[in-house]
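Peer 1: Any chance you could fold what I've pasted below:
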Amino acid sequence: MATPHNTANKGDFAKTVLMPGDPLRAKFIAEHYLENPVLVNHVRGNYGFTGTFEGKRVSVMATGMGMPSLSIYVTELYRFYDVQSIIRVGSAGGIAPNLKLFDIVLAEGACHDANLDRQYGSPGTFAPIADFGLLQRGARALESVGATYHVGNIVSSDVFYEPSGAWKQWRKFGALCVEMESAALYLIAAREGKKAVSFLTISDLLETGEEMTSEQRQIAFDQMIRAALLTAEE
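Peer 2: I've put the predicted structure just below:
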């Protein structure tokens, strides 16, 4: 079933979809990690591919930046394309003092500063959390690829250039890092009765201002992508 944002046919997507933010990263993952990738969507330059990884059928497509963009794509994948699991593979800004560049965070839960609860009809404050089975598989996969990883709570923010330093307050609540998508992913997965988990590579540190170069990002994401593919369910 085609949608305004996706011209794929029913069945073109696998049961599990990896979702980076950047369409070009989705293309990179398909071309460098999947066997026999087939382009199934290219509306607005948002490439969607389906191929195999170690015999498992897996798809990859970008979310775009921010919770509103992600909400469109993941809702359509869950609701119209029978996708069962979505694995976010993205970057994040580290705020916990023990995090270093290149570490990977497996997001157990996602705080947020958005208006998601009211817009999705929650009768109170909803706590967006990952699927426990995917979380377990993800931790085992990260260990198998030798990654330095952390499991815990994160923050999804609507604001990239945030002027008030709110991340310092989130750090007091034990949040590990800040990004812009996972809370919406977890909420929509819950509403649709599906599964989701986020893998996040620490690409910059908010306290010190350290950040990866573009070349380092390309290399650093390898462990995260391989672990996410190992986590994928058939």
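Peer 1: what number of residues lie near residue 38?
Peer 2: By the other C-beta atoms under 10 Å criterion, the neighbourhood of residue 38 contains 12 residues. In short, each C-beta sits where N, CA and C put it, glycine included.
Peer 1: which phi and psi does it have?
Peer 2: Dihedral angles of residue 38 (phi, psi; degrees, to the nearest 10) stand at phi -120, psi 130.
Peer 1: which stretches of the protein have low pLDDT?
Peer 2: Flagging of the chain using pLDDT under 70 yields the residue ranges 1.
Peer 1: Report the central residue of it.
Peer 2: Nearest to the geometric centre of the chain sits residue 88, at 1.8 Å (C-alpha atoms, centre = their mean).
Peer 1: pretty sure that one is touching residue 189, no?
Peer 2: No - here residue 88 does not reach residue 189: they are 10.4 Å apart, not a contact under C-beta atoms under 8 Å.
Peer 1: one step back: the residue nearest to the centre of the chain belongs to a strand?
Peer 2: Yes - according to DSSP: H, G, I helix; E, B strand; the rest coil, the state of residue 88 is that of a strand.
Peer 1: Can you tell me who it pairs with across the strands?
Peer 2: Taking DSSP bridges, one obtains residue 19, residue 198 as the residues bridged to residue 88.
Peer 1: what sits against it?
Peer 2: With contact set as C-beta atoms under 8 Å, 6 or more residues apart in numbering, residue 88 has these partners: 19-20, 63, 181-182, 185, 196-200.
Peer 1: if we can go back for a sec, between residue 88 and residue 189, what contacts are shared?
Peer 2: Counting by C-beta under 8 Å, 6+ apart, the residues touching both residue 88 and residue 189 are residue 196.
Peer 1: need the contacts of residue 88 in a markdown table with neighbour count and distance to residue 52, can you?
Peer 2: As requested, these are exported to a markdown table (neighbours: other C-beta atoms under 10 Å; distance: C-beta to C-beta, whole Å):
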| residue | neighbour count | distance to residue 52 |
| --- | --- | --- |
| 19 | 29 | 18 |
| 20 | 26 | 19 |
| 63 | 28 | 22 |
| 181 | 29 | 26 |
| 182 | 30 | 26 |
| 185 | 27 | 24 |
| 196 | 29 | 22 |
| 197 | 28 | 21 |
| 198 | 29 | 23 |
| 199 | 28 | 20 |
| 200 | 27 | 25 |
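Peer 1: ok, and what's touching the longest helix along the chain?
Peer 2: With residue count as the measure and DSSP state H as the assignment, the chain has helix 214-231 as its longest helix. For helix 214-231, contacts defined as C-beta under 8 Å, 6+ apart pick out 18, 25, 28-29, 33, 53-54, 56, 58, 87, 89, 91, 101-102, 104, 134, 137-138, 141-142, 144-147, 197, 199-201, 203, 212.
Peer 1: Quick check: residue 42 vs residue 199, distance?
Peer 2: With distances taken as C-beta to C-beta, to the nearest Å, residue 42 is found 25 Å from residue 199.
Peer 1: all strands of the protein, in order?
Peer 2: With strands called from DSSP state E, the chain shows them at 16-19, 35-41, 48-53, 56-61, 85-94, 104-112, 149-156, 177-179, 195-205.
Peer 1: now those as a markdown table including distance to residue 6?
Peer 2: What follows is the strands of the chain, written out as a markdown table (distance: least, C-beta to C-beta, whole Å):
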| stretch | distance to residue 6 |
| --- | --- |
| strand 16-19 | 11 |
| strand 35-41 | 5 |
| strand 48-53 | 7 |
| strand 56-61 | 8 |
| strand 85-94 | 14 |
| strand 104-112 | 24 |
| strand 149-156 | 23 |
| strand 177-179 | 23 |
| strand 195-205 | 18 |
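Peer 1: quick one, which of the ones you listed is nearest to residue 3?
Peer 2: Across those, residue 3 has its closest neighbour in strand 35-41 (9.6 Å, C-beta to C-beta).
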